[in-house]
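# Next input, structure requested:
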Amino acid sequence: MKGFHQKQRVLVVGGGTLAQALEKSFSLSGISTFRAGRNPGPWHLDLSRDPGCWNAPGDLDWVFVCAGMTSRVECEKQPHLSRWINVGGSVRLARHFLSRGARVVFFGTDLSPKAGEYAKQKEELRRQLAQLPGTVWIRLGKVVHPRLPLLESWKDSLAQGTPIEAFESVRIFPVSPESIAEGCLHLVASRQRPATELVWQTAKSMTYVEIAQKWGNFLGYPASRIRILEKNSPLEAWTPYPVFPSKEYEAILGGVDRNAWWNI
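Numbers count the residues shown, from 1 in each chain. Presented below is the predicted three-dimensional model:
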């Protein structure tokens, strides 16, 4: 690790919304930031391939992993391929960068392993990473942003005048990519050795029905136009790890999201 006065070097792996938020937050804070994914670019990292095929910067302090096969539908259709990527590829990545002196951060889901193949793979990955010193597992609340497929489908339903279908029996802890990025920036800037497992969520939970109502209000639809079909769902509530949410990070997440549309 570098001395206190030297600039940290961070790699963000992935191309999605969270990866973009992390890259922006680190870069604006003056941290040397790189991003790699499976698409062509200056740096290349494909979890489905051997590390010998990767092209990634060296001398890194932190690696934040936002890559993998994240579609729950595709994980059910292709369990062997998705497991090869989400579990095997992630473990290969962790070992590769740990052996070069970096700390490696992965993000966990708020789903129970009973929720399907994707959630099972996430839990298996968590167990394997627990055996690799230098990794950090951050279980997140539900990451919510306007491009979330669920919100886009609800937006279409509202525009067409059809009811939104939402679970009333599942509670989530909404959190934005920007607040997660702020927490990660604090993680890097503090230069402290973090816990092996962290839980990042705010104290306020909401049902999907409540989120749907808030989303409709945010989009400007009157309450009379927001018709919701309340659905019961299979068990998806997570039994928390024996790790309590850090009050320090809860304050960071809540502070950034204080004016989020679901809190208005």
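
# per-residue pLDDT, residue 72?
pLDDT for residue 72: 89.

# cool, and the one 4 residues further on?
Looking at residue 76, its pLDDT stands at 94.

# Pretty sure it sits against residue 115.
No. Residue 76 lies out of contact with residue 115 (Cβ atoms under 8 Å); the separation is 10.8 Å. C-betas here are computed from N, CA, C, even on glycine.

# With neighbour numbers in mind, choose between these two.
Of the pair residue 76 and residue 115, residue 115 is the one with more neighbours under other Cβ atoms under 10 Å, namely 20 against 12.

# how near is the more buried one to residue 72?
Plainly put, residue 115 is 8 Å away from residue 72 if you go by Cβ to Cβ, to the nearest Å.

# and if you look at residue 54?
27 Å.

# okay, and for this protein, where does confidence drop off?
1-6, 232-245 (pLDDT under 70).

# Name the residue most distant from the centre of it?
Distance to the chain centre peaks in the chain at residue 224, reaching 34.0 Å (criterion: Cα atoms, centre = their mean).

# hey, what's the spatially most central residue of the chain bridged with?
Centroid-nearest residue in the chain: residue 107, 5.0 Å away (criterion: Cα atoms, centre = their mean). Applying DSSP bridges to residue 107 gives these bridge partners: residue 138.

# which strands and helices sit next to the helix or strand where residue 90 lies?
Element membership for residue 90 (DSSP states H and E) is helix 90-98. Applying 3 or more Cβ pairs under 8 Å, 6 or more residues apart in numbering; DSSP states H and E, one finds that helix 90-98 contacts strand 62-65, strand 103-108, helix 117-129.

# count of neighbours near the residue nearest to residue 126 when sequence neighbours are not counted?
Once flanking residues are discounted, residue 126 sits nearest to residue 137: 5.4 Å by Cβ to Cβ, 6 or more residues apart in numbering. Residues near residue 137, counting by other Cβ under 10 Å, number 22.
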